[in-house]
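*Asks:* take this sequence and fold it.
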Amino acid sequence: MVVNQGKITTMGGTTGLVDQTDKMHTGILKALEAYSKEDICIGHAGFTITGTGTYTQYNLAQPIHFTTKGQYKKHTSDISITYDTTVTDAKPTAGQTQHPNYTRYDLISITNADTPTLVITLGTLSGANGLVPDLPTGNIPIALIEVTAGTDPNKINYNFQLYTLDKQTNSLSIGYSSGGFYTEVSSITGTSDGLFISGIADHTSSLAGADKVLIQDADASNVMKTVTAQSIANLSTGDITSVVAGSALTGGGTTGDVTLNVGVDDSTIEINSDALRLKDSGITVGKMAANSVDSDQYVDGSVDNIHLATGIDAVKIADGTVTNEEFQRINTLTSNAQTQLNTKLQVGQFSMWIPAEAISPQSVNPCGSLTTTANANATQPDFRTLAFDAGTDEFAQFSIAMPKMWNEGTVLFTFYWTHVGSAGNDVIWTIAGTSVSNDEAIGGVIFGTAVNYQDTALDAKDLHIVSSDTTLTIAGSPAVGDVCFFQISRDANNGNDDFASDALLIGVKMKYTVDGLNDE
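*Replies:* Below you'll find the predicted structure:
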């Protein structure tokens, strides 16, 4: 980052121009001419020269603040420009940035677009004299580079002169001539808290109804509108002329504070603790119309066993006069009880346990054989497991002739496992499935997409239970009566499986959905 931002200096200097030492050149005049048109870079985070690959590169760091024709713009990305190998009249031969014998002056500017770009305008040579080029029309000057003579196309220590105002504040002064001198009456200033206008006079004592007030349009925040003082005054009073008490209310009025009171008879309804309440004795059988409360209006738990007994008693049960409708209302049943029970049983989820004893190592890349791990003494359970290696993917399989009442849809699995190693790090189990129908070649089907289950190893011999919300789709378009084959593996080659010991599978539990009562 340069230290002379905001000053026009000697090439590479950090102070202003020195009288009788520095020579004025057209680069300064061209920058001042751009300033007069309000094409100015007013601030950036640094101008640097770096080497990128083969050729010198100029960099302008964000945020870049500039004005073009007085309009402020801000760019929040770094921008760069690098010399290329193009041969031009003002430039040496291809592959060179410098002239081998003479110093050249290149002008660096940015375009005036919302997304500006850096531009190199190459200087020209008049014999041994380097001439400053013209600034491209509309561009904003950034720096003048003194490209010294030489043969280094990737030179990074050129002197340069920076054209940046380093402007950080701005205000607008509004005044008038008083006795031949400027007198400020107001100013508009921006701060981090917003826009401030000073010197606004207080004329409330002489405010007229036709006087105008500026307001901001809520639907278009950059639009200002005017309203009259009278229209604002009208909003404060509105058009309410009186408040009249209606049915069951008393009070009212036309001016000042108005109170409305609720009329109560103090027998059924009362005001208690500033609230309108029903009295405990307010609702009687005589005040309830016939059938005014029916089964649709009962809330859960509002009718208890004692109150049911008054409707269905021993006499009615003995003589058989309990109607089907009365029976249906018990526990909010709305139709024949058996019909509702059937409906609830036909759709739901059941689970099935498949222990390690029912799972066999695969023939090609098998897991370990079924092994019994003994516990400390005879009063503790042994556990029978299949061991899956930590370094190589190993597999095991099992098959199930699915129940007829299964809906042939997706299933969910939960893995139960343990280990005898050290706690920490993760194991990834996978399971995939396929189905085979009658008269279909078992060797002609393949397993579907597997579902992964990732679990962290706890202490040795602790029971580990891991499930997933991801459903498993069984390949082969399952049908009623199919046999479903499942393949389990430990994905030891997965980068997330970093548990160093064997993972011991105790079994899996499958959850499936049924759409029938039984397998008949």
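*Asks:* correct me, but Leu135 touches Ile110?
*Replies:* No: assessed by C-beta atoms under 8 Å, Leu135 is found out of contact with Ile110, at 11.0 Å. The way it works is simple: take the backbone N, C-alpha and C, and place the C-beta from them, glycine included.
*Asks:* centroid-nearest residue for the chain?
*Replies:* Thr76 (22.2 Å; C-alpha atoms, centre = their mean).
*Asks:* is it correct that Asn375 is in contact with Pro381?
*Replies:* Yes: using C-beta under 8 Å, Asn375 is in contact with Pro381, at 6.4 Å.
*Asks:* tell me which of those two has more neighbours.
*Replies:* Asn375 (11 against 6; other C-beta atoms under 10 Å).
*Asks:* identify the residues contacting that one.
*Replies:* Pro381, Asp382, Phe383, Lys461 (C-beta atoms under 8 Å, 6 or more residues apart in numbering).
*Asks:* same thing with Thr392?
*Replies:* Contacts of Thr392 by C-beta under 8 Å, 6+ apart are Asn365, Ala492, Asn493.
*Asks:* does the last one really touch Asp389, like I thought?
*Replies:* No: with contact defined as C-beta under 8 Å, Asn493 does not count as touching Asp389 (10.7 Å).
*Asks:* out of those two, which sits in the busier spot?
*Replies:* Asp389 (15 against 10).
*Asks:* that one and Ala492 touch, don't they?
*Replies:* Yes: the pair Asp389 and Ala492 qualifies as a contact (C-beta under 8 Å) at a distance of 6.1 Å.
*Asks:* so which helix or strand of the chain has the lowest pLDDT on average?
*Replies:* Lowest on mean pLDDT, DSSP states H and E among the helices and strands of the chain sits helix 305-311, with a mean of 47.
*Asks:* can you tell me the helix or strand for the closest residue to Ile42 other than its chain neighbours?
*Replies:* Once flanking residues are discounted, Ile42 sits nearest to Lys167: 3.8 Å by C-beta to C-beta, 6 or more residues apart in numbering. Per DSSP states H and E, Lys167 falls between elements, in no helix or strand.
*Asks:* per-residue pLDDT of Lys167, please?
*Replies:* The model reports Lys167 with a pLDDT of 77.
*Asks:* could you count how many residues lie near it?
*Replies:* Counted with other C-beta under 10 Å, Lys167 comes out at 14.
*Asks:* over to the one 3 residues further on?
*Replies:* For Asn170, the tally of surrounding residues (other C-beta under 10 Å) stands at 11.
*Asks:* thought Gly190 was touching it, still the case?
*Replies:* Yes: between Asn170 and Gly190 there is a contact under C-beta under 8 Å: 6.6 Å.
*Asks:* picking that back up, in TSV, list the contacts of Asn375 along with secondary structure and distance to Trp406.
*Replies:* Formatted as TSV, the contacts of Asn375 follow (DSSP: H, G, I helix; E, B strand; the rest coil; distance: C-beta to C-beta, whole Å):
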residue	secondary structure	distance to Trp406
Pro381	coil	31
Asp382	coil	33
Phe383	strand	29
Lys461	coil	35
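*Asks:* between the residues you listed, which sits nearest Ala210?
*Replies:* Minimum distance to Ala210 across the contacts of Asn375 is 90.9 Å, recorded for Lys461 (C-beta to C-beta).
*Asks:* residues contacting the closest one?
*Replies:* Here Lys461 is in contact with Thr373, Asn375, Thr418, His419, Val420 (C-beta under 8 Å, 6+ apart).
*Asks:* and those, which two are furthest apart?
*Replies:* So, the contacts of Lys461 by C-beta to C-beta: farthest apart are Asn375 and His419, at 14.6 Å.
*Asks:* for the residue lying closest to Lys155 once chain neighbours are set aside, what is the enclosing helix or strand?
*Replies:* Taking C-beta to C-beta, 6+ apart, and ignoring the residues beside it in sequence, Lys155 has Thr56 as its nearest neighbour in space, at 5.8 Å. Using DSSP H and E, Thr56 sits within strand 55-60.
*Asks:* one more: Lys30?
*Replies:* Assigned by DSSP H and E, Lys30 falls in helix 26-36.
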